[in-house]
Each structure stands twice: as structure tokens, then as C-alpha cells.
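**Student:** What follows is a predicted structure for the sequence shown.
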Amino acid sequence: MITLLLIMLVFLFLLYFVIKKAIDNSVTSRGLEKMYYKLLEIHEELKKQNGRQELKAKETYTFEQLKQDLSIGHEFEFSYKGAVYHISQGTDGWFFTRPEGDSRFFHTPEELVLHAKVNGKRLEEVWPEVEIRVIF
């Protein structure tokens with residue numbers, strides 16, 4: 001029994017050094033580097049595809065859909081004329097956060113949709129010019 005354990009220990013010790021040498025080997029490092037750059041390429045392509053999907057969503061995402069999505073708890077980040085706005089849900093209601101960082105509280109999503117202002121205009125008025133960044 002002890003002999004078997006000793007043989008297993010030696011085997012594991014040798015296996016450790018073989019794996020360590022393979023990792024340290026520059027051939028393996030170059031292979032990992034190639035994989036890394038390939039993954040970066042794939043990542044960039046996925047970002048481009050996602051951007052195209054976001055563009056399509058922006059073109060077809062109506063104000064009515066916004067109201068419906070708010071009613072089921074979705075949160076939003078959007079931009080209007082380069083400024084980023086957030087609509088988020090808190091424990092007691094909804095917050096509309098403007099670029100200056102100040103937030104306005106609303107009890108319901110319906111109240112938010114009716115009374116939130118973007119550059120002094122109702123949200124519905126500016127909606128056609130809004131760029132949706134994220135829907136949570």
C-alpha cells in the first residue's frame with residue numbers, strides 16, 4: 001500500500017514538472033498569444049454585430065414599448081444630444097437621473113413617463129431623437 005502511494009506521489013511530482021515546463025515553453029506561450037488575439041478579433045466582431053442590432057432596435061423601439069417595458073420593471077440608459085440619462089427602479093418607486101447627476105423620484109412608471117423632463121421637454125417629445133444605450 002505504501003509502495004503504491006509512493007509511486008503515485010512520484011508520478012504526480014513528474015507530471016507537475018512536465019506541465020510546468022509546457023507552460024513555460026515559449027511555443028505554448030505563442031500558442032496562447034495567438035488564441036488571445038483570435039479571441040479579441042471575435043470579440044470585436046461580436047461588438048459590431050451587437051451595434052447593428054442596437055441600431056435596428058433604436059429605429060423600431062417606440063415610446064409605447066418604453067411604457068410597456070417600464071410597467072414590467074425594465075430599466076434604461078439612453079442618450080439625448082450626447083447627454084446620458086438613466087431610468088431605474090428603487091424600492092419605493094422610480095428614478096429619472098439626468099446628466100448633472102440629480103435624480104427625480106416618481107412613484108410609478110406612468111408618473112415618470114408623464115412628468116420626466118429632458119431639456120425642459122416631456123420624454124415623449126424627445127423620444128424620436130433618443131439613442132437607447134442599454135435596457136436592463
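**Tutor:** Here it is on my side, so go on.
**Student:** can I get the CA coordinates of whichever strand or helix holds Y85 in CSV?
**Tutor:** Take DSSP states H and E as the rule and Y85 turns out to sit in strand 83-89. In CSV, the C-alpha atoms belonging to strand 83-89 read as follows (Å, rounded to 0.1, in the frame of the first residue of the first chain):
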residue,chain,number,x,y,z
ALA,A,83,-26.1,63.6,-22.6
VAL,A,84,-26.7,60.2,-20.8
TYR,A,85,-29.9,59.7,-18.8
HIS,A,86,-30.9,56.8,-16.6
ILE,A,87,-34.3,55.4,-15.6
SER,A,88,-34.0,53.0,-12.7
GLN,A,89,-36.3,51.4,-10.2
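**Student:** what's near enough to touch the closest residue in space to F76 that isn't next to it in sequence?
**Tutor:** Leaving aside its sequence neighbours, F76 sits nearest to I87 (C-beta to C-beta, 6 or more residues apart in numbering; 4.4 Å). Where C-beta positions appear, they are placed from N, C-alpha and C, glycine not excepted. If you count contacts by C-beta atoms under 8 Å, 6 or more residues apart in numbering, I87 has them with 70, 75-78, 94-97, 112, 116.
**Student:** Kindly reformat those residues as JSON lines and extend each row with pLDDT, distance to I42 and neighbour count.
**Tutor:** Shown next, in JSON lines, are the contacts of I87 (pLDDT from 0 to 100; distance: C-beta to C-beta, whole Å; neighbours: other C-beta atoms under 10 Å):
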{"residue": "L70", "pLDDT": "91", "distance to I42": "34", "neighbour count": "19"}
{"residue": "E75", "pLDDT": "91", "distance to I42": "29", "neighbour count": "15"}
{"residue": "F76", "pLDDT": "88", "distance to I42": "28", "neighbour count": "18"}
{"residue": "E77", "pLDDT": "89", "distance to I42": "26", "neighbour count": "16"}
{"residue": "F78", "pLDDT": "88", "distance to I42": "28", "neighbour count": "22"}
{"residue": "W94", "pLDDT": "93", "distance to I42": "38", "neighbour count": "23"}
{"residue": "F95", "pLDDT": "92", "distance to I42": "37", "neighbour count": "16"}
{"residue": "F96", "pLDDT": "92", "distance to I42": "37", "neighbour count": "21"}
{"residue": "T97", "pLDDT": "90", "distance to I42": "34", "neighbour count": "15"}
{"residue": "L112", "pLDDT": "94", "distance to I42": "39", "neighbour count": "21"}
{"residue": "A116", "pLDDT": "93", "distance to I42": "39", "neighbour count": "19"}
